[in-house]
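> Fold the stuff below for me.
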Amino acid sequence: MMNRPELKRLQNSTRTVFFLTGAIFALWSCLVPVVKHHAGLNDGSLGLLLLCLGCGSVLGMPLAGLWVGRWGCRPVALGGLGLAGAVLLPLSWLSFLPGLALGIFLLGVGLGAVETAINIQAVEVEQRSDTPLLSGFHAWFSIGGAAGAAASPVLTLTGMPLWSIILSGQILVFVLALRVWPGLLHQPEPGGGEGFALPRGLVWVLGLLTGIAFLAEGAVLDWGAVFLQGRSSFGIQPGWGYAVFAAAMTLGRLSGDRVIALCGRPLIMGLGGLCAGSGFALVVMAPNAPLALAGFFLIGLGCANIVPVLYNCAGRQRVMKASTAVAAITTLGYAGILAGPALVGAVAHATSLSSAFLMLAALMIVVAGFCRLARQS
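You can find the predicted model right below:
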């Protein structure tokens, strides 16, 4: 049994790595227009180039599960942070297309590795602490993303060149990574890594549900503004939809651990799916801006704690090793983010964007229907 100071150190290190991962994602999002300008790309070419990020992540995630099983979370999480942080600065000035593709691919590998490793650590730390913690851990990813997204434009207003902003971010990542080193788990799983393995049984179901949850989040990110833009009578900036969604998700995750402790994971997963599904339906049927924004708020609030609950299930199931299972559902979840925009776009093209959002409402209700898995795993 670990003593309280040791548990606190593990918890704080986990929060810090989630924060840093969110900040790196935000810094990269600020670099995308710069990459497009330096390389002289059109929208279609940029889209193809950005696939390198997804390809790198999908490769890094299952490999990270294998490596964590063999060497523990510490080297994989810190290695992923180091790789992702290191390639940001070259990406701010490169214009050579093969170099950009390689840099973005390596960024994806690093982010995929650190996301998988820190989620495996988060599941283990929650189990050792014997109290719900995963929602709060995931909230720190959102906080890091908000901090990174806000820092870049604010520092730009002070006259700092972009390269110095990125360099400052890199230094912060490396300093904090060294600081959290002692609080990252370094023990391998008994028997070492399982090697690359396809999800089996319950893990398949958990992975598909995670993919649906991430698909819904990605749809709001990529299509929420487009939907509001098509409702010109609402008279609001299209970006408000995602802003309200993100705020609701952060609030939901910050309070999620306490709510899960009171109500239990099955109820939170069931109500979360119903809440998100109702939110998508409300967005489609809303006659005015306040109701549409209320719909986006419900989507964010509903989605907030579904993924943390699913990660907890992956850590407790006995079909596969925890590290392999968490890596598997992370990979399938990321596949939902990658495929989501295309799927929503295809449905919207064949019918309408409203129909695509109603499809997402139905999928979230399906997620709610599997809430008993949170008790059985």
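> Could you use CA atoms for every contact and neighbour count after this?
Fine.
> per the record, what domains does this structure have?
Residue ranges for the domains of the chain, per automatic domain parsing: 4-183, 202-376.
> just how off-centre is the last one within its chain?
Between the centre of domain 202-376 and the centre of its host chain there is 12 Å, according to Cα atoms, centre = their mean, to the nearest Å.
> and what of the first one?
The gap between the average C-alpha position of domain 4-183 and the chain average comes to 11 Å, counting by Cα atoms, centre = their mean.
> Low-confidence bits of this protein, can you list those?
1-2, 43-44, 152-153, 156, 189-198, 376-377 (pLDDT under 70).
> circling back to that earlier point, take the domains of the chain and lay them out in JSON lines including mean neighbour count.
Below are these laid out as JSON lines (neighbours: other Cα atoms under 10 Å):
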{"stretch": "domain 4-183", "mean neighbour count": "20"}
{"stretch": "domain 202-376", "mean neighbour count": "21"}
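> ranges for the helices of this protein?
In the chain, the segments counted as helices under DSSP state H are 4-39, 43-71, 73-91, 97-129, 134-157, 162-180, 202-229, 240-263, 265-285, 289-303, 306-316, 322-350, 353-369, 373-376.
> Using JSON lines, lay out those together with distance to Pro188.
JSON lines is the format used below for these (distance: least, Cα to Cα, whole Å):
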{"stretch": "helix 4-39", "distance to Pro188": "16"}
{"stretch": "helix 43-71", "distance to Pro188": "5"}
{"stretch": "helix 73-91", "distance to Pro188": "8"}
{"stretch": "helix 97-129", "distance to Pro188": "11"}
{"stretch": "helix 134-157", "distance to Pro188": "21"}
{"stretch": "helix 162-180", "distance to Pro188": "18"}
{"stretch": "helix 202-229", "distance to Pro188": "21"}
{"stretch": "helix 240-263", "distance to Pro188": "27"}
{"stretch": "helix 265-285", "distance to Pro188": "28"}
{"stretch": "helix 289-303", "distance to Pro188": "32"}
{"stretch": "helix 306-316", "distance to Pro188": "15"}
{"stretch": "helix 322-350", "distance to Pro188": "10"}
{"stretch": "helix 353-369", "distance to Pro188": "33"}
{"stretch": "helix 373-376", "distance to Pro188": "26"}
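> which one of those lies closest to His186?
Nearest of those to His186, taken as Cα to Cα: helix 73-91 at 5.1 Å.
> on contacts alone, who are the packing partners of the closest one?
helix 4-39, helix 43-71, helix 97-129, helix 162-180 (3 or more Cα pairs under 8 Å, 6 or more residues apart in numbering; DSSP states H and E).
> Now distance to Pro290 too, for these, in CSV please.
Formatted as CSV, the helices and strands packed on helix 73-91 follow (distance: least, Cα to Cα, whole Å):
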stretch, distance to Pro290
helix 4-39, 28
helix 43-71, 32
helix 97-129, 35
helix 162-180, 37
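> Could you list the residues in contact with stretch 96-108?
With contact meaning Cα atoms under 8 Å, 6 or more residues apart in numbering, stretch 96-108 is reached by 39, 49-50, 52-58, 60, 83-85, 87-88, 90-91, 94.
> C-alpha coordinates for it, PDB please?
Output of stretch 96-108 as PDB, limited to C-alpha atoms (Å, rounded to 0.1, in the frame of the first residue of the first chain):
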ATOM      1  CA  PHE A  96      10.500  21.600 -47.700                       C
ATOM      2  CA  LEU A  97       7.500  19.300 -48.100                       C
ATOM      3  CA  PRO A  98       9.200  15.900 -47.300                       C
ATOM      4  CA  GLY A  99      10.800  17.500 -44.200                       C
ATOM      5  CA  LEU A 100       7.400  18.800 -43.100                       C
ATOM      6  CA  ALA A 101       5.700  15.400 -43.700                       C
ATOM      7  CA  LEU A 102       8.400  13.700 -41.600                       C
ATOM      8  CA  GLY A 103       8.200  16.300 -38.800                       C
ATOM      9  CA  ILE A 104       4.400  16.100 -38.600                       C
ATOM     10  CA  PHE A 105       4.600  12.300 -38.700                       C
ATOM     11  CA  LEU A 106       7.100  12.300 -35.800                       C
ATOM     12  CA  LEU A 107       4.900  14.800 -33.900                       C
ATOM     13  CA  GLY A 108       2.000  12.300 -34.300                       C
END
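> re earlier: of the helices and strands packed on helix 73-91, which is nearest Val367?
That would be, of the helices and strands packed on helix 73-91 and by Cα to Cα, helix 97-129, which comes in at 20.7 Å.
> The closest one relative to helix 322-350, how many degrees between them?
120 degrees (axes from the mean of the first three to the mean of the last three Cα atoms, to 10 degrees).
> give me every residue that touches Asn42.
Lys36.
> got the contact list for stretch 111-126?
Contacts of stretch 111-126 (Cα under 8 Å, 6+ apart): 7, 10-11, 14, 17-18, 21, 56-61, 63-65, 68, 73-74, 76-81, 84, 132-134, 137, 184-185, 311-312, 315, 322-323, 326-327, 330.
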